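> Sequence first, predicted model second:
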Amino acid sequence: MSRSLRTDPYPIRAARRAGASVPVRVCRPRPGFVHPAGADDVVRVLTFFGPAAAYGLRGVELRQCPAASAGPAVAVLRVPGVVLLFEQPAPPWVLPGRLTDAAAARLERAGARVMAGPAGTLVDWPSEEALRDFVLFDGLMHEIGHHRIQHAARRRHTRAMRTADHERRADAFAARARAAWAARW
């Protein structure tokens, strides 16, 4: 095994460079909102996936939703290396209009019950664990997928690839993470 950080495989480089755990900062949610995944949940997931997932992350923050948000947001990557997980409305969610088929399928895959009506869409989470896992995998691990793409390309301020490709690869990373987490027992 070589001693070079440039020629060793990525997991070995990540393990060598990983120092302290990723700091998790929590801001109190507004009334009527919740943080489905707490700091302990974030640490548990990052510990499970190890240094390869946390490599280069500077922090994870559980935040209130920005006021100027264009719609419901779960998480966002603030380059370089900070993942923001946003508060979510307390279930059930009443969303205006109809969800796209892809958005409804994603929520149902995460364990939500989606019911479209004439005035909007009702999204109910039958268990707290389903909503927590949605935030952890479709939020946190998806954004870590984006982070890994950007970090591997060494791009801090510009996209490493087209948005559609970025999203597809981050979705694939989150799906693999969800499958590995489900198979852990």
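Here it is on my side, so go on.
> quick check: longest helix of the protein.
helix 163-182 (DSSP state H).
> Give me the buried positions along it.
Using 16 or more other Cβ atoms under 10 Å as the test for burial, helix 163-182 gives His166, Arg169, Ala170, Phe173, Ala174, Ala175, Ala177, Arg178, Trp181. Backbone N, C-alpha and C define where each C-beta goes, glycine included.
> which one of the residues you listed is nearest Gly81?
Ranked by distance to Gly81 (Cβ to Cβ), the buried residues of helix 163-182 are led by Ala170 at 14.9 Å.
> I figured that closest one was touching Leu140, is that so?
No. Counting by Cβ atoms under 8 Å, Ala170 does not reach Leu140; the two are 11.2 Å apart.
> Give me the distance between the residue most central in space within the chain and Pro96.
Centroid check for the chain by Cα atoms, centre = their mean gives Leu140 as the closest residue, at 1.8 Å. Look at Leu140 and Pro96: by Cβ to Cβ, to the nearest Å, they are 26 Å apart.
> just Gly81 next, same as before
34 Å.
> same thing with Arg58?
35 Å.
> the more surrounded of the two?
Higher neighbour count among Arg58 and Pro96: Arg58, with 12 against 8, using other Cβ atoms under 10 Å.
> my guess is that one contacts Val79, does it?
No. With contact defined as Cβ under 8 Å, Arg58 does not reach Val79; the gap is 10.1 Å.
> Let me see the ranges of the helices in this structure.
Using DSSP H, the helices of the chain run over 10-17, 39-49, 51-54, 101-109, 128-133, 142-153, 163-182.
> Pick the most deeply packed of those helices.
Greatest average neighbour count among those goes to helix 142-153 (a mean of 21), per mean count of other Cβ atoms under 10 Å.
> Off-centre distance for it?
Centroid separation between helix 142-153 and its chain, computed with Cα atoms, centre = their mean, to the nearest Å, is 11 Å.
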